[in-house]
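S.K.: got a predicted structure plus its sequence, pasted below:
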Amino acid sequence: MREASERAFQAAQQVMPGGVNSPVRAFRAVGGTPFFADKGEGPFLYDIDGNRYIDYLLSWGPLIWGHAHPEIVRAVQEAAAKGTSFGVPTTLETEMAEAVIALVPSVEMVRMVNSGTEATMSALRLARAYTGRRYIVKFEGCYHGHADSLLVKAGSGVATLGLPDSPGVPSATAESTLTIPYNDVDAAKALFAEKGDEIAAVIVEPVAGNMGCVLPVPGFLQALREVTAEHQALLICDEVMTGFRVGLSGAQGRFGITPDITTFGKVIGGGLPVGAYGGRRDIMALVAPQGPMYQAGTLSGNPLAMAAGLTALRMLKEAAKEGLYERLEAHGQAIVDAFVRAGTSRGIAVSGHAIGGMFGLFFHGGKVTNYRESSESDKARYAAFFHGMLDSGVSLAPSQQEAGFLSAVHSEAEIEETTQAIEKVFSRL
Ligand SMILES: Cc1ncc(COP(=O)(O)O)c(C=O)c1O
Ligand SMILES: NCC(=O)CCC(=O)O
């Protein structure tokens, strides 16, 4: 029963476009009415009708410590009691920069912002300022936030709503973004052969999480590193989703690549609104006031967000020593395995991936490696599966073209309950 949510959604639609503050929340890919959150507790989310869900959406990735983790709540309360924003520097900001630099070797200096969108938008400006070049290369189905230059063949909600290009983005801006298929090394090389000396940067999700969870094929990221270096273009790893989630040093640590600029968001804010970009010292030196590339923010480096993020990162550093990321991946793999087993035994085409604290489930027979294949997946079946899981008390991403997320506080019991729910839901699909 989700009557209170039904009423809340009716009211919300009168006063907010689509009833939501971010399109992906509106369930457009799966139909039906979104449920409204009342509270979260560890791995669980409770809606305003009192239903409990094991949560694999986790606020779209930030909550690697689950909901309302006592240490993060305490850090935020203590920070709030001292003041919520100052507009002058705090030592918390330096601590955050030092923490990121210590965990991610390619990052030598950092600038905090308020969202992943701000981080990628600023990273593009920086890459253009540094190189003096015009073009940005992105991959079809990757989503890097909603800055004009990045709303081109984007994944996530943009793909769900079928918007290859959003109205309102000036065509001159869109034309400066070149797109090629994910995992296609030949396409990247061909593009560089043609336009290499005009390309400022390649921006990539080192594990894609916005066309479902799609892994880089072996050699893909290395090839991007090589071709960009060869043409004096920059490589931007967008680790807004993967940062501190697929491993303590992000996907770049896991796959052994050294980008020039990295963008962060989600986990780095411990559940509060944050983003960051950082990278090589000589590049970051261009950012104002040290250099001429302007970028600013009234609430950037906000003390509540810094306190929450620092607490999350500190706990991750400790937990990583105890095998946290291996445990997250084992949990993700258990969910993928249950999904693949349940489908295969019934002759339904299925596949999936798990990496660190991310996973993806596809109603598609082969391994999904790019946006085209992700889009070929059976959407109607996913919608039925999604709603079956929701009715069984498990909240997955409301689109097959989104990733699933795990937290450190999902225990074996929740994973077991989830794999049983998968089997039960397939028996009725
Ligand atoms: C890889 C990636 N980059 C950038 C963004 C944009 O971040 P935000 O929604 O915080 O603006 C997202 C998600 O939204 C993302 O998944
Ligand atoms: N994969 C999609 C996101 O991470 C973004 C969430 C949002 O736009 O609200």
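M.R.: Perfect, I can see it now. Ligands and ions are numbered 1, 2, ... in the order given.
S.K.: host element of the closest residue to ligand 1 within the stretch 151-300 of the chain?
M.R.: Closest residue of the stretch 151-300 of the chain to ligand 1, C-beta to the nearest ligand atom: residue 240 (3.4 Å). To be clear about C-beta, it is placed using only N, CA and C from the backbone, and glycine gets the same treatment. Per DSSP states H and E: residue 240 is located in neither a helix nor a strand.
S.K.: thought it was touching residue 267?
M.R.: No: Residue 240 is beyond contact range of residue 267, at 9.1 Å (criterion: C-beta atoms under 8 Å).
S.K.: pretty sure residue 49 is in contact with residue 4, am I right?
M.R.: Yes: look at residue 49 against residue 4 with C-beta under 8 Å: they come within range, at 4.6 Å.
S.K.: ok, which stretches of this protein are strands?
M.R.: Ranges of strands within the chain are 37-41, 44-47, 52-55, 109-113, 135-139, 177-180, 199-204, 234-238, 261-265, 275-279, 351-355, 358-362, 394-395, 404-405, based on DSSP state E.
S.K.: just checking the worst-scoring helix or strand of the chain on mean pLDDT against ligand 2, any contact.
M.R.: Of the helices and strands making up the chain, the lowest-confidence element is helix 156-160, at a mean of 82, by mean pLDDT, DSSP states H and E. Yes: residues of helix 156-160 contacting ligand 2 under C-beta under 6 Å from any ligand atom: 156-157.
S.K.: just the residues contacting that helix, thanks.
M.R.: 22-24, 28-29, 141, 143, 151, 166, 210-211, 371, 375, 399, 401-402 (C-beta atoms under 8 Å, 6 or more residues apart in numbering).
S.K.: can you narrow those down to the ones near ligand 2?
M.R.: Answer for those near ligand 2 (C-beta under 6 Å from any ligand atom): 22, 24, 143, 210, 402.
S.K.: please check the residues you listed and keep the buried ones.
M.R.: Taking 16 or more other C-beta atoms under 10 Å as the criterion, what is buried in those is 24, 143, 210, 402.
S.K.: where does the residue nearest the centre of the chain land on pLDDT?
M.R.: Among the residues of the chain, the one closest to the centroid is residue 241, at 2.7 Å (C-alpha atoms, centre = their mean). Listed pLDDT for residue 241 reads 98.
S.K.: now swap in residue 18 and tell me
M.R.: What the model reports as pLDDT for residue 18 is 97.
S.K.: does it touch residue 26 like I think?
M.R.: Yes: with contacts defined as C-beta under 8 Å, residue 18 counts as touching residue 26 at a distance of 4.8 Å.
S.K.: please say which of those two ends up with more neighbours.
M.R.: Legend: neighbour count by other C-beta atoms under 10 Å for residue 18 and residue 26, higher for residue 26 (22 against 16).
S.K.: quick check: that one touching residue 20?
M.R.: Yes: between residue 26 and residue 20 a contact is recorded at 4.8 Å, counting by C-beta under 8 Å.
S.K.: which neighbours do these two share?
M.R.: residue 34.
S.K.: picking that back up, and the least confident helix or strand of the chain, anywhere near ligand 1?
M.R.: No: judged by C-beta under 6 Å from any ligand atom, helix 156-160 stays clear of ligand 1, getting no closer than 6.6 Å.
S.K.: output that helix in CSV, but only the C-alpha positions, please.
M.R.: In CSV, the C-alpha atoms belonging to helix 156-160 read as follows (Å, rounded to 0.1, in the frame of the first residue of the first chain):
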residue,chain,number,x,y,z
SER,A,156,20.8,8.5,-16.9
GLY,A,157,17.5,10.4,-17.0
VAL,A,158,18.4,12.1,-20.3
ALA,A,159,18.4,8.7,-21.9
THR,A,160,15.3,7.6,-20.1
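S.K.: how far away is the residue of the stretch 1-150 of the chain found nearest ligand 2 from residue 16?
M.R.: The minimum distance from the stretch 1-150 of the chain to ligand 2, using C-beta to the nearest ligand atom, falls at residue 22 (3.3 Å). Note on residue 22: its distance to residue 16, by C-beta to C-beta, to the nearest Å, is 10 Å.
S.K.: good, wrapping up.
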